[in-house]
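>>> can't give you the sequence, but here's the structure:
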């Protein structure tokens, strides 16, 4: 683990600004009783800021591990920080005005602000793609750590790309003439009955679910690996870096499968908490495949058959290896 002092400074400053915004938004949730599209008006900046604290810190740490392409990584990370800052300034400014930030084309100003957000998010996605390529090329000694980061950022890119799907016109909306073009929900209007805290629809599909789930692979897969490392002193099999690598790859595959499942569920207009038989069957298959994969990943590592073990100390080492 690299020292936090070597982490990407612009992303660290961005994360700090999001921590401040989270506090401001939390106060807003308490003192401002306005409601917009069925949710407290300060809920969006609060949720976005908390999410982006984790996102910014994760990228800042990953960039510190690059062994080559560090200059390109620094610029890509800086672009990510700046574009996300622009988006959050617009979101917060629209909250102050009492207006929707996303999909809003009601006035020329609203239209210009949303178009600016759209451009900055495309640039942010491309900059994150640059970071993903650099991580794929990086020589990182611990293979499990390397693949936790690589799989995490790839899934984060896929999750972020769901945002492009949200911007497409929903049924009844016409590009260029409707005041609202785009939606989070599928099959039902935005602002209907929703889950507490998350605000995800309980009556239709919601593309924010795969968007959220995919983007936070950036934190969850490395956190899984950290958990495996922490458990290694108690479970000797986890001390084997090959076992940890296999478990990380199984977890990444399972995460990708669940991401595909919740995306499919949302696109069919189905609420997360009301899955049909097809969704439950797919979930069961993913669970079974993941359990089988984890069992296989934990299998003992055997010594090569042609290895001669003559010394008693070597024999003891071999017995410990296969135990």
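Yep, it's here. Owing to the predicted nature of the structure, the values given are computational and were not obtained by experimental measurement. Numbering: from 1, shown residues only.

>>> tell me the secondary structure for residue 188?
coil (DSSP: H, G, I helix; E, B strand; the rest coil).

>>> Next, the contact list for it, please.
Going by C-beta atoms under 8 Å, 6 or more residues apart in numbering, residue 188 touches 201, 203-204, 269. For glycine as for every other residue, the C-beta is placed from the backbone atoms N, C-alpha and C.

>>> Out of those, who's the most crowded?
The residue in these with the most neighbours, by other C-beta atoms under 10 Å, is residue 201 (30 neighbours).

>>> Quickly note the distance from that one to residue 295.
36 Å (C-beta to C-beta, to the nearest Å).

>>> now do residue 34
For residue 34 relative to residue 295 (C-beta to C-beta), the value is 52 Å.

>>> And residue 144, by the same measure?
18 Å.

>>> For the two, indicate the residue with more neighbours.
With neighbours defined as other C-beta under 10 Å, residue 144 and residue 295 compare such that residue 144 has more, 22 against 10.

>>> buried ones in the host helix or strand of the more buried one?
In the assignment (DSSP states H and E), residue 144 maps to helix 143-166. Neighbour-count burial for helix 143-166, counted by 16 or more other C-beta atoms under 10 Å, picks out 144-160, 162-163, 166.

>>> what about the helices in the chain?
Assigned by DSSP state H, the helices in the chain fall at 9-31, 43-63, 70-97, 108-137, 143-166, 208-215, 217-231, 241-267, 277-297, 312-322.

>>> Give me the phi and psi for residue 216.
Dihedral angles of residue 216 (phi, psi; degrees, to the nearest 10) stand at phi -90, psi 10.

>>> I figured it hits residue 52, correct?
No - checked against C-beta atoms under 8 Å, the pair residue 216 and residue 52 is beyond contact range at 11.0 Å.

>>> Neighbour count: these two, which is higher?
Using other C-beta under 10 Å as the criterion, residue 216 and residue 52 rank with residue 52 on top: 23 against 20.

>>> how much space between that one and residue 42?
Residue 52 sits 15 Å away from residue 42, taking C-beta to C-beta as the criterion.

>>> Same question for residue 277.
On the measure of C-beta to C-beta, residue 277 and residue 42 end up 39 Å apart.

>>> So for these two, which sits in the more crowded spot?
More neighbours surround residue 42 than the other of residue 277 and residue 42, with 22 against 7 (other C-beta under 10 Å).

>>> ok now do the nearest residue to that one once chain neighbours are set aside, which residues does it touch?
Once flanking residues are discounted, residue 42 sits nearest to residue 28: 3.4 Å by C-beta to C-beta, 6 or more residues apart in numbering. By C-beta under 8 Å, 6+ apart, the contact list for residue 28 reads 41-42, 45-46, 95.

>>> is it possible to export the residues you listed to a markdown table including distance to residue 118?
Converted to a markdown table, the contacts of residue 28 look like this (distance: C-beta to C-beta, whole Å):
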| residue | distance to residue 118 |
| --- | --- |
| 41 | 22 |
| 42 | 23 |
| 45 | 18 |
| 46 | 22 |
| 95 | 18 |
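
>>> Could you tell me how many residues sit around residue 233?
Residues within reach of residue 233, counting by other C-beta under 10 Å, total 9.

>>> Next up, phi/psi of it, please.
According to degrees, to the nearest 10, residue 233 has phi -60, psi -30.

>>> Please determine how far the closest residue to residue 125 other than its chain neighbours is located from residue 65.
Using C-beta to C-beta, 6+ apart and skipping residues adjacent in sequence, the residue nearest residue 125 is residue 160, 5.5 Å away. To residue 65, residue 160 is 21 Å away according to C-beta to C-beta.

>>> Then residue 244?
Relative to residue 65, residue 244 is positioned 17 Å away (C-beta to C-beta).

>>> Can you tell me the closest non-neighbouring residue to residue 15?
Using C-beta to C-beta, 6+ apart and skipping the chain neighbours, the partner closest in space to residue 15 is residue 56 (3.8 Å).

>>> quick one on the thing from earlier: which pLDDT does the model give the residue nearest to residue 42?
As predicted, residue 28 sits at a pLDDT of 96.

>>> Likewise for residue 235?
pLDDT, residue 235: 89.

>>> what's the answer for the one 5 residues further on, then?
The confidence metric pLDDT takes the value 90 at residue 240.

>>> Same check on residue 319?
44.

>>> What are the buried residues along stretch 55-71?
Within stretch 55-71, the residues that count as buried by 16+ other C-beta under 10 Å are 55-66, 69.

>>> Just put the residues you listed in CSV and tack on distance to residue 128.
Converted to CSV, those look like this (distance: C-beta to C-beta, whole Å):
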residue, distance to residue 128
55, 9
56, 11
57, 14
58, 11
59, 8
60, 13
61, 14
62, 11
63, 11
64, 16
65, 16
66, 14
69, 14
